[in-house]
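# Quick one: sequence plus predicted model below, questions after.
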Amino acid sequence: MASQPTPIEVGVQKAEDDWALGHRVTPELTEIITDILKQGNAYSNVTLAMPLCWEFSKSRSGQTLCHQFLYVLREMRERGDECASDKYLTDPIRRRLVGVVMKQMNHSLVEVVWKMLAVGPENAALYDPLVVELLQSNHVSEAARLAIQIGLRDEFADQLAMPLVLLDKLLLLGTILEGLPDTQQRILKLFDDFYDDANRMRQIVQRHDITSIKKVDRALWKRIARLMIRYLKKYNLPPDTCPNLQLSRNRNALRYLLVRRYQEKDMAGNSWREMVMDQVLDYKVLHGELMRTLFNQNDHKSAYYFALKLEYPREEWPAKFVKYVDSLPPGSSPLEEPENNNGLTNCLSVELRSDQIQTICTASEFEAAAIELAAAPVIGVDAEWKPAMGLLQKTRLSLIQMATRQKVYLFDVLKLSETISPEDWASFYERVFDNPTGCILGFGIAEDIRKLEALSGTSLYMTYFKDLMIVRDALFTHRPDLMESVVDQKILKNHNGLSRLTCRLLGYPLDKSEQCSDWENRPLRPSQVHYAALDAHCLIRCWDELARRCGDEDIKTVVEDAIQSSKEQSGFSTNRRGRKYANSTAGQVDKHHLVSSLGIGYHKNHSGLETPSLPESGYSSKEKFVQGVTGVSDPIGNRSTSDWKSAVLRKTN
């Protein structure tokens, strides 16, 4: 036999029927609700009546029947009705009323109750047990809101932080952490303790019944890593706050460098050693991973080098490697041997004497170079900086290359910073770049320009700059006769970026073996000097080759007409400083290549950085960034290009 409905259930049904007629307050509805609440303790009755309302569990905007119950209760309190007097408002009743409204989805109801009961920090002890109860019943967001309301953010931050992340309630987490430096650091350390610990993460998911997390996989670790990096930057915390995340980033940077060395085989030996040391030096666990890889590759020479550098225990050496070391002549050491960089031999050379490549280190040399460059009809510009692979590692400009037809100037920015002020750089730029008779050449120059501007603190005047990447695309579309390749198309497919352009116009690609190099080491190695000088000088050689192909036509006019035609065809964008960059037409896209599965894309993904699907158009990542062919998302709010992108993929010449 079905049980008889209670008086409250009967009353709520009558109220529902009246409310359904027009969803508006009527005297009859107010009377029905008043009768329900007067049946004893009004506060207790309202906690029983509201959950019976159909709209209680619905996230509905505006006024609901539940609101009317609370409004009638408030009016009864204001009138001084006996059933709504404070003597009935005991602590358990207070907690029950707040708990009832906290467990439903209409937040405006919560606000009404909080205001009526004056829920705040002054009665935090009263509602502290309710926060615990909400957490235990898996109402994590509600527990967080109540903890914030009663001023117990710090006390519950540890219990709330990770569940809120998994529920994607980052606004609530941000509110909890705001203005609490010690809590911010503690929570970041907590996240780091969880990082890459799948078992602990599964326990959190199961404990709070977080159904949105189907499995603890790489995508989840990426999401958490991005959040950790974002918070490290936002709260200005040191990277060593998150040692596990830092280790993960360095490990994946090491894996990338090993791929470059043993699979792609396109990295100079000395550069590779420098970058590897930078990643593994502070991590004993990476010492072992590196050495085991070198042993497996039978690269005994590199293994001996790092064994000495890292003081790797001899008892960990395999027998084959011990035999190799024992066979070396007495007193020999790989630390003293010049490394064979194994650079490509069939590549473009500088074609300048050593005395035509000058390193600028002093104020007097700086001034003399400015005078000579200001008189040059054409200048090739490039810049270099040390790759930033570590966690929150910042890059700084190390070298600026400026080439004329007869000479290349290598400005040692690190040394010049001791004597050259930002005002000196601003004056230098004005004299060299603001020259109506000159032409300033670059290739994918957006990031280089940002670095140059950071030295002076002023914007560069871009009128006389010619980006050969944009020039190339404009000529491909409007003057293809000037872009005929001097080599077979099959050869071109093996090269990208500026290297492909030099191959097309000059017949030889660029040697990229120094592209990922430590440009802060002094003195620069001869191979670095050669690479840096060629990067700037080859721009002029490409320009001169295009001028030769133009014949009697003026190269500047031809280029400007082609770029203008591209603007008219595709439109153009003007950035915040008034510079205009043509929207060059990208190559035909036959298919998309998921870079996250290969090389740096794979290792970036594993470290928490996103790599989207990029068109296989033959353009470098740097070109895609400059042109806007693809936007690389920066999950942690880094610089306009991510540290890793601008460091490792910056040069694909």
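Good, I have the coordinates.
# From here on, just use CA atoms for contacts and neighbour counts.
Noted.
# What is the neighbour count of Glu351?
11 (other C-alpha atoms under 10 Å).
# Do I have it right that Met469 meets Gly444?
Yes: between Met469 and Gly444 there is a contact at 5.8 Å, judged by C-alpha atoms under 8 Å.
# ok, these two, which is more surrounded?
Neighbours were counted for Met469 and for Gly444 using other C-alpha under 10 Å; Gly444 has more, 25 against 21.
# what about the residue nearest to Gly99 when sequence neighbours are not counted, helix or strand, and which?
Leaving aside its sequence neighbours, Gly99 sits nearest to Leu130 (C-alpha to C-alpha, 6 or more residues apart in numbering; 6.9 Å). If you go by DSSP states H and E, Leu130 is part of helix 124-136.
# taking the mean pLDDT, what do you get for the longest helix belonging to the chain?
For the chain, the helix that runs over the most residues, judged by DSSP state H, is helix 526-550. Taken as a whole, helix 526-550 has an average pLDDT of 97.
# how about Met402, phi and psi?
Backbone torsions for Met402, taken as degrees, to the nearest 10, come to phi -130, psi 120.
# The one 3 residues further on too?
Reported as degrees, to the nearest 10, the phi and psi values for Arg405 are phi -70, psi -30.
# just checking, it touches Leu539?
No: in this structure Arg405 lies outside contact range of Leu539 using C-alpha under 8 Å: 9.9 Å.
# And these two? Which one has more around it.
The residue with more neighbours, out of Arg405 and Leu539, is Leu539; 28 against 17, by other C-alpha under 10 Å.
# pretty sure the more buried one is touching Leu441, no?
Yes: Leu539 is in contact with Leu441 according to C-alpha under 8 Å; the separation is 6.5 Å.
# pLDDT below threshold where in the stretch 401-550 of the chain?
Residues of the stretch 401-550 of the chain meeting the criterion pLDDT under 70: none.
# Strands of that one, start to end?
408-412, 439-442, 465-467 (DSSP state E, counting those that start in this stretch).
# Among the ones you listed, which comes closest to Trp54?
Nearest of these to Trp54, taken as C-alpha to C-alpha: strand 465-467 at 65.5 Å.
# re the thing from before, I would like the residues contacting the helix holding Leu130, please.
Applying C-alpha atoms under 8 Å, 6 or more residues apart in numbering, the external contacts of helix 124-136 come out as 91, 95, 99, 140, 142-144, 146-147, 150-152, 208.
# Now, the residues you listed that are in helices?
Counting by DSSP H, the contacts of helix 124-136 place 91, 95, 99, 140, 142-144, 146-147 in helices.
# could you redo those residues as TSV and give each row distance to Leu294, neighbour count and pLDDT?
Shown next, in TSV, are the ones in helices among the contacts of helix 124-136 (distance: C-alpha to C-alpha, whole Å; neighbours: other C-alpha atoms under 10 Å; pLDDT from 0 to 100):
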residue	distance to Leu294	neighbour count	pLDDT
Asp91	68	11	95
Arg95	64	17	95
Gly99	61	21	94
Val140	49	24	96
Glu142	53	22	95
Ala143	52	25	96
Ala144	50	26	97
Leu146	55	26	97
Ala147	53	26	97
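# and these, which two are the farthest apart?
That would be Asp91 and Val140, which, of the ones in helices among the contacts of helix 124-136, are the farthest apart (C-alpha to C-alpha) at 22.5 Å.
# Now do the contacts for Leu37.
43, 45-46, 73, 83.
# can you map out the strands along the protein?
For the chain, the strands defined by DSSP state E cover 357-360, 378-385, 397-403, 408-412, 439-442, 465-467, 572-574, 580-582, 592-594, 613-615.
# Run the chain-centre distance for the fifth one.
Using C-alpha atoms, centre = their mean, to the nearest Å, the distance from the centre of strand 439-442 to the centre of the chain it belongs to is 30 Å.
# Give me the sheet partners of that strand and which way each runs.
strand 378-385 (parallel), strand 465-467 (parallel) (DSSP bridges).
# Make TSV from those strands and add distance to Thr34 and mean neighbour count to it.
What follows is those, written out as TSV (distance: least, C-alpha to C-alpha, whole Å; neighbours: other C-alpha atoms under 10 Å):
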stretch	distance to Thr34	mean neighbour count
strand 378-385	75	25
strand 465-467	78	19
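# Could you dump the ones you listed into CSV and include distance to Leu335?
CSV is the format used below for the strands paired with strand 439-442 (distance: least, C-alpha to C-alpha, whole Å):
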stretch, distance to Leu335
strand 378-385, 25
strand 465-467, 42
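# gap between the longest helix of the chain and the chain center?
Taking mean C-alpha positions (C-alpha atoms, centre = their mean), helix 526-550 and its chain are 33 Å apart.
# And the contacts of it?
Contact partners of helix 526-550, identified using C-alpha under 8 Å, 6+ apart, comprise 349-350, 357, 378-382, 384, 401-405, 408-410, 441-443, 468, 482, 501-502, 505-506, 511, 514, 554-555, 558.
# low-confidence ranges in this structure?
For the chain (pLDDT under 70), the answer is 1-2, 59-62, 336-345, 571-653.
# How is it divided into domains?
7-228, 244-326, 354-580, 592-648 (automatic domain parsing).
# can you count the residues close to Thr313?
Small correction: residue 313 is Pro, not Thr. Pro313: 10 surrounding residues under other C-alpha under 10 Å.
# distance of it from Tyr304?
Distance, Pro313 to Tyr304, using C-alpha to C-alpha, to the nearest Å: 12 Å.
# Which residue ranges of the stretch 301-450 of the chain form helices?
319-326, 363-374, 413-416, 422-433, 446-456 (DSSP state H, counting those that start in this stretch).
# how about TSV for these, with distance to Gln4 added?
Putting these into TSV (distance: least, C-alpha to C-alpha, whole Å) gives the following:
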stretch	distance to Gln4
helix 319-326	86
helix 363-374	97
helix 413-416	87
helix 422-433	86
helix 446-456	76
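# tell me the contacts of Ile148?
Neighbouring residues of Ile148 by C-alpha under 8 Å, 6+ apart: 175-176.
# export stretch 315-326 as PDB, just CAs?
C-alpha atoms of stretch 315-326 as PDB (Å, rounded to 0.1, in the frame of the first residue of the first chain):
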ATOM      1  CA  GLU A 315      81.100   0.700 -12.400                       C
ATOM      2  CA  GLU A 316      78.100   1.700 -14.500                       C
ATOM      3  CA  TRP A 317      80.100   1.400 -17.700                       C
ATOM      4  CA  PRO A 318      79.300  -1.600 -19.900                       C
ATOM      5  CA  ALA A 319      82.200  -4.000 -20.700                       C
ATOM      6  CA  LYS A 320      82.300  -2.900 -24.400                       C
ATOM      7  CA  PHE A 321      82.700   0.700 -23.400                       C
ATOM      8  CA  VAL A 322      85.400  -0.100 -20.800                       C
ATOM      9  CA  LYS A 323      87.300  -1.900 -23.500                       C
ATOM     10  CA  TYR A 324      87.100   1.100 -25.800                       C
ATOM     11  CA  VAL A 325      88.300   3.500 -23.100                       C
ATOM     12  CA  ASP A 326      91.200   1.200 -22.100                       C
END
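# mind checking how far that stretch is from the chain centre?
Remark: stretch 315-326 is offset 42 Å from the chain centroid, using C-alpha atoms, centre = their mean.
# Please list the outside residues in contact with it.
Counting by C-alpha under 8 Å, 6+ apart, residues outside stretch 315-326 touching it are 295, 300, 304.
# In space, what's closest to Ala374 - neighbours in sequence excluded?
That would be Val432: by C-alpha to C-alpha, 6+ apart, it lies 4.5 Å from Ala374.
# number of nearby residues for the one you found?
There are 20 residues near Val432, going by other C-alpha under 10 Å.
# wait, isn't Asp240 in contact with Leu247?
No: under the criterion of C-alpha under 8 Å, Asp240 makes no contact with Leu247, lying 9.8 Å away.
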